[in-house]
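Visitor: build me a model from this:
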Amino acid sequence: MQMYGGSSRTALIVTLVLLLSAGQATGEEPPAYQFDVPIQTLSSALNEFALQSHQQILFAPDVATQKRSTPLHGDMQPLAALKLLLKGSGLTFKTTPNGAILIGNPSALRVVAASAPASQVSHGTNQSDPDASLATITVQSARERDLVRRQIRHYVSAITVPSYEVSLGRWEKREPLCPLVAGLSNDDAEYLLTRLSHIAATAGAPLAPEHCNANFYVIVTSEPEELIKAWNERDPWLFDDDADEGGTKIRRFLDASTPVRVWYNVSFSDLEGLPLRWQFKNGVSGRQGFFAGGLRDLSSVILIVDARLTKGVSFGQLAGYLAMVGLAQIRLDAKLGDAPTILQAFSDPDKAPLTGLSSWDQAYLKALYHTDRSDKTQRLAIARSIGRELVP
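Guide: Numbers count the residues shown, from 1 in each chain. Have a look, this model is predicted:
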């Protein structure tokens, strides 16, 4: 809801007074939430804060868009987290008993507070900026929630490999993932293994027992070309030729100059779990049942990390990125826009969470492993699932 001009200012104050006067404070201790809001425009950060804290936020876009936020990471109660987020911005906030949070310049909020019973107002920070006002307000309305849902649908569409009526790639119980990390110290490798396993378990991906044959490889090296060449010579079945007729994908993988190279070996099965194999019909090769709702399984994933190109990325970010691209078959060239995702870690670090997966990424992986694989509208089902979780 946006209002402009002198008459709208009166209406705005009346609206806020009604909010401040509604309901009774319960006195209950608010729950803590896990926050992961990187540095960005304050307007974007407040919207992300609203999603992660499940709070109703009201603020003036013109006083927030030109400001930068303070990074917000860790488990905190919403109001304590909001104080940190607004630090140095010159803005303050007030809360209403029914849960809404009003954000603006202290002078503007004092006008609202003066029209409401003092017992109905809780105060936030005590910054001052007398020149600005709260004449325009943004509410987490149904219209804005619809906008976020559209952004989520674009995010899902952008990162998923076109299905061609085959399910999206994920790990299955028939071939549970078994991670192996090489090229790091024992402590770093153990941390990475633990982090990857935790993310996989949280998402619902199947993990193999402790003693298993590796199929989820994370190799950190300063000489990726030499390593891949030597490995391929030793293991000619390193790449699944069936998945790449003509070798185009293999050459692109070998010639890549990205910080992390990803190779997916994929197998296909029918709805009963029986493998689908290549067959020739009328002189043309094709996978049996390929266009009849086949299921795409990840059989192995190879992640080659170029240590020379990842120095600006935290270890937590790297672990999150590897988990995201290793637990799901991701389009690495996706146009991500403003989506808050760890997939931005190397292309736009300011939009990537500093500690790992964003709430969008976590919700995507969870939805991927809990949606019906036989549903031809699986991508839409995933987007809806993320929307229900992030935009209640």
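Visitor: let me see the mean pLDDT of the helix or strand containing residue 194.
Guide: Remark: residue 194 resides in helix 186-203, with elements defined by DSSP states H and E. Looking at helix 186-203 alone, the average pLDDT works out to 93.
Visitor: tell me the angle the following helix or strand past that helix makes with helix 186-203.
Guide: Sequence order places strand 216-221 as the next helix or strand after helix 186-203, per DSSP H and E. Relative orientation of strand 216-221 versus helix 186-203 (axes from the mean of the first three to the mean of the last three Cα atoms, to 10 degrees): 150 degrees.
Visitor: what's in contact with the helix or strand that strand 216-221 is followed by?
Guide: Sequence order places helix 224-234 as the next helix or strand after strand 216-221, per DSSP H and E. Contact with helix 224-234 is made by 219, 221, 238-239, 253-254, 261, 304, 306, as judged by Cβ atoms under 8 Å, 6 or more residues apart in numbering. Just so you know, the C-beta spots here come from the backbone N, C-alpha and C atoms, and that holds for glycine as well.
Visitor: among these, who's most crowded?
Guide: Using other Cβ atoms under 10 Å as the neighbour test, the contacts of helix 224-234 are led by residue 304, with 23 neighbours.
Visitor: show me what the helix or strand hosting residue 252 is packed against.
Guide: Using DSSP H and E, residue 252 maps to helix 248-255. Packed against helix 248-255 by the contact rule (3 or more Cβ pairs under 8 Å, 6 or more residues apart in numbering; DSSP states H and E) you find helix 224-234.
Visitor: chain center to the helix it packs on: distance?
Guide: Between the centre of helix 224-234 and the centre of its chain there are 33 Å (Cα atoms, centre = their mean, to the nearest Å).
Visitor: give the buried residues for it.
Guide: Neighbour-count burial for helix 224-234, counted by 16 or more other Cβ atoms under 10 Å, picks out 224, 227-228.
Visitor: all helices for this protein, in order.
Guide: 5-21, 42-53, 61-64, 78-85, 106-114, 142-159, 186-203, 224-234, 248-255, 315-327, 359-368, 378-390 (DSSP state H).
Visitor: quick one: buried residues of the fourth one?
Guide: For helix 78-85, a neighbour-count test (16+ other Cβ under 10 Å) marks 78-79, 81-82, 84-85 as buried.
Visitor: and those residues as TSV, adding pLDDT and distance to residue 332?
Guide: Output for these, formatted as TSV (pLDDT from 0 to 100; distance: Cβ to Cβ, whole Å):
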residue	pLDDT	distance to residue 332
78	87	35
79	88	39
81	90	32
82	90	35
84	91	33
85	89	31
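Visitor: pick the one among the residues you listed closest to residue 265.
Guide: Comparing those against residue 265 with Cβ to Cβ places residue 81 closest, at 42.0 Å.
Visitor: can you tell me the closest non-neighbouring residue to that closest one?
Guide: residue 35 (5.3 Å; Cβ to Cβ, 6 or more residues apart in numbering).
Visitor: touching, that neighbour and residue 74? I think so.
Guide: Yes: here residue 35 reaches residue 74: they are 6.4 Å apart, a contact under Cβ atoms under 8 Å.
Visitor: what residue ranges in this structure score low on pLDDT?
Guide: 1-30, 60-65, 96-99, 107-143, 163-165, 236-238, 240-247, 271-293, 392 (pLDDT under 70).
Visitor: and the angle for the strand ranked longest in it with helix 315-327?
Guide: In the chain, assigned by DSSP state E, the strand with the most residues is strand 295-306. Interaxial angle, strand 295-306 versus helix 315-327 (the same axes, to 10 degrees): 150 degrees.
Visitor: switch to numbering from 490
Guide: Will do, 490 is the new start, and the previous item becomes strand 784-795.
Visitor: show me what strand 784-795 is packed up against.
Guide: Partner elements for strand 784-795 (3+ Cβ pairs under 8 Å, 6+ apart): strand 705-710, helix 713-723, strand 749-758, helix 804-816.
Visitor: so for residue 592, which of the ones you listed sits nearest?
Guide: Distance to residue 592, taken as Cβ to Cβ, is lowest for helix 804-816 among the helices and strands packed on strand 784-795, at 28.7 Å.
Visitor: now residue 592: closest residue in space that isn't a chain neighbour?
Guide: In space, residue 592 is closest to residue 548, 3.8 Å off (Cβ to Cβ, 6+ apart).
Visitor: tell me, how many residues neighbour that neighbour?
Guide: With other Cβ under 10 Å as criterion, residue 548 counts 25.
Visitor: show me which residues of stretch 663-673 are buried.
Guide: Applying 16+ other Cβ under 10 Å to stretch 663-673 flags 665-668, 670, 673 as buried.
Visitor: no, scratch that, I was asking about stretch 656-663
Guide: Buried residues in stretch 656-663 (16+ other Cβ under 10 Å): 656-661.
Visitor: who touches it?
Guide: Residues contacting stretch 656-663 (Cβ under 8 Å, 6+ apart): 649-650, 666, 689, 694-695, 753, 755, 758, 762, 782-787, 816-818, 857-858, 862-863, 867-868, 871.
Visitor: now do stretch 820-829
Guide: 527, 533, 537, 640, 643-644, 647-650, 747, 751, 814, 832-833, 836-837, 840-842, 847-849.
Visitor: filter the residues you listed down to the buried ones and hand me the ChimeraX line.
Guide: Applying 16+ other Cβ under 10 Å to the contacts of stretch 820-829, the buried members can be selected in ChimeraX as follows:
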select :527,533,537,640,643,644,647,648,649,650,751,814,832,833,840,841,842,847,848,849
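Visitor: what residues sit buried inside the helix holding residue 741?
Guide: 739, 742-743.
Visitor: nearest to residue 541 among the residues you listed?
Guide: Nearest member of those to residue 541, counting by Cβ to Cβ, is residue 742, at 35.6 Å.
Visitor: grab the nearest non-local neighbour of the closest one.
Guide: residue 752 (5.3 Å).
Visitor: can I get stretch 785-802 in PDB, CA atoms only?
Guide: In PDB, the C-alpha atoms belonging to stretch 785-802 read as follows (Å, rounded to 0.1, in the frame of the first residue of the first chain):
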ATOM      1  CA  ARG A 785      16.600 -38.600 -13.800                       C
ATOM      2  CA  ASP A 786      19.000 -39.900 -11.100                       C
ATOM      3  CA  LEU A 787      22.400 -38.500 -10.200                       C
ATOM      4  CA  SER A 788      24.900 -41.400 -10.200                       C
ATOM      5  CA  SER A 789      28.000 -39.400  -9.600                       C
ATOM      6  CA  VAL A 790      29.000 -35.700  -9.400                       C
ATOM      7  CA  ILE A 791      32.600 -34.400  -9.900                       C
ATOM      8  CA  LEU A 792      33.400 -30.900  -8.400                       C
ATOM      9  CA  ILE A 793      36.800 -29.600  -9.300                       C
ATOM     10  CA  VAL A 794      37.700 -26.500  -7.200                       C
ATOM     11  CA  ASP A 795      40.400 -24.200  -8.600                       C
ATOM     12  CA  ALA A 796      42.100 -22.900  -5.500                       C
ATOM     13  CA  ARG A 797      43.600 -20.000  -7.500                       C
ATOM     14  CA  LEU A 798      40.100 -18.600  -8.200                       C
ATOM     15  CA  THR A 799      38.300 -19.100  -4.900                       C
ATOM     16  CA  LYS A 800      40.500 -17.000  -2.500                       C
ATOM     17  CA  GLY A 801      37.800 -14.300  -2.100                       C
ATOM     18  CA  VAL A 802      35.200 -16.800  -1.000                       C
END
